[in-house]
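K.L.:
only geometry, no sequence info:
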């Protein structure tokens with residue numbers, strides 16, 4: 001039998017892959033141990049493919065959880081920032097003086113706090129404000145979101161006691177008033193990833209706010225303002241009755257919690273906004289330090305908040321994609337001169353606006369080419385419908401149209 005090469009020699013032969021030498025050593029060892037030296041390059045390609053890299057999202061899902069939800073541009077030099085420094089006084093400052101303060105202003109809230117995701121925001125609020133106390137929740141709002149995040153389990157982890165009221169489909173104000181007197185909080189949870197229709201009833205925040213305990217509204221998806229002043233034409237019809245932070249605070253919620261990377265269109269983060277005294281209590285809790293984000297996230301979130309305050313929806317990639325006209329998308333599809341221009345139905349995604357679609361357009365070619373598209377550089381993620389590969393252009397940046405066209409041409413040639 002031919003003697004296999006040394007691990008180091010095989011690793012050096014793979015240097016052109018661009019992977020660091022220690023990773024190539026691992027690949028070489030695996031290939032030699034398997035008795036298949038020829039597989040080393042494929043193994044190295046598999047390692048490279050598994051690393052984080054930019055992809056073209058042609059699925060039509062704007063907030064694709066597997067693709068990082070809202071796309072955010074982050075360009076920063078290797079420099080220090082005034083993350084926790086008050087430049088005016090020279091003393092220690094607060095992480096909430098930047099992005100959080102801007103979001104509070106945009107949401108019409110007294111104060112805000114940013115943590116690392118939406119689930120963390122709710123956990124911190126419950127732990128800081130209701131540990132050892134009762135939290136009243138409608139049975140119709142004991143939801144589960146992705147990854148097994150369940151409201152009853154979050155309440156248990158926070159040390160609060162769950163008090164269920166009403167039924168799965170109907171909860172009335174009298175259900176709350178009977179138990180709210182001694183409660184620490186009333187929790188209102190938006191059913192952001194599913195929809196109940198028919199014989200249903202729920203109590204709005206403005207009615208719950210008059211019962212006494214502070215009302216915490218977890219609006220989940222993160223729509224900042226129902227009026228959408230950052231869009232020239234106002235709110236699109238597919239938003240319908242989606243709850244928004246500004247209106248929920250105005251209706252009397254003591255706090256609202258929501259995600260930063262859904263309808264807000266920013267980086268992964270969780271936002272707590274509302275009464276200053278309650279936000280301060282959350283910020284002082286030891287758990288807040290464990291859940292705080294770093295400077296890169298806060299910087300990206302600050303840019304997102306500034307765009308909202310400028311009413312510049314075009315500066316927020318999610319809203320730029322969501323508001324482009326179908327006519328423009330069809331023109332882009334036709335310019336590819338490849339396949340068939342087709343009508344599509346995009347979806348917001350990311351557990352937002354369940355059942356709602358956004359008219360769109362794209363390109364379709366015969367057969368299932370999704371695996372080949374994913375292997376392209378850069379990878380293209382598309383979908384298959386009726387035996388055809390469909391590339392919905394709503395979530396594709398126009399600058400990527402040429403790349404997408406070349407990827408499709410390579411697949412069908």
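P.N.:
All right, it came through fine. Keep in mind the model is a prediction, meaning the values are calculated, not measured.

K.L.:
and the most centrally placed residue in the chain, what does it touch?
P.N.:
For the chain, the residue nearest the mean C-alpha position is residue 261 (3.1 Å; C-alpha atoms, centre = their mean). Counting by C-beta atoms under 8 Å, 6 or more residues apart in numbering, residue 261 makes contact with 63, 68-70, 72, 222, 267-269, 350. Bear in mind the C-beta positions are built from the backbone N, C-alpha and C, glycine included.

K.L.:
Nearest residue to residue 169 in space, please, no chain neighbours.
P.N.:
residue 200 (4.8 Å; C-beta to C-beta, 6 or more residues apart in numbering).

K.L.:
Now the one you found. Its backbone dihedrals?
P.N.:
Torsion angles at residue 200 (phi, psi; degrees, to the nearest 10) stand at phi -130, psi 160.

K.L.:
buried stuff in stretch 179-189?
P.N.:
179-180, 183-189 (16 or more other C-beta atoms under 10 Å).

K.L.:
for stretch 330-340, same thing?
P.N.:
330, 332-333, 336, 338-339.

K.L.:
Grab the two from those residues that are most spread out in space.
P.N.:
330 and 338 (14.1 Å; C-beta to C-beta).

K.L.:
Name the helix or strand for residue 231, please.
P.N.:
Using DSSP states H and E, residue 231 maps to neither a helix nor a strand.

K.L.:
Quick check: the residue lying closest to it once chain neighbours are set aside vs residue 348, distance?
P.N.:
Leaving aside its chain neighbours, residue 231 sits nearest to residue 313 (4.8 Å; criterion: C-beta to C-beta, 6+ apart). Shown here: residue 313 relative to residue 348, a distance of 15 Å by C-beta to C-beta, to the nearest Å.

K.L.:
Same question for residue 294.
P.N.:
27 Å.

K.L.:
Among the two, which residue is more densely surrounded?
P.N.:
residue 348 (22 against 10; other C-beta atoms under 10 Å).

K.L.:
Show me which positions of the helix or strand hosting that one end up buried.
P.N.:
Taking DSSP H and E as the criterion, residue 348 maps to strand 340-349. Going by neighbour count (16+ other C-beta under 10 Å), the buried part of strand 340-349 is 341-342, 344, 346-349.

K.L.:
before we move on, the earlier item: now flag whichever of the buried residues of stretch 330-340 is closest to residue 113.
P.N.:
residue 332 (40.7 Å).
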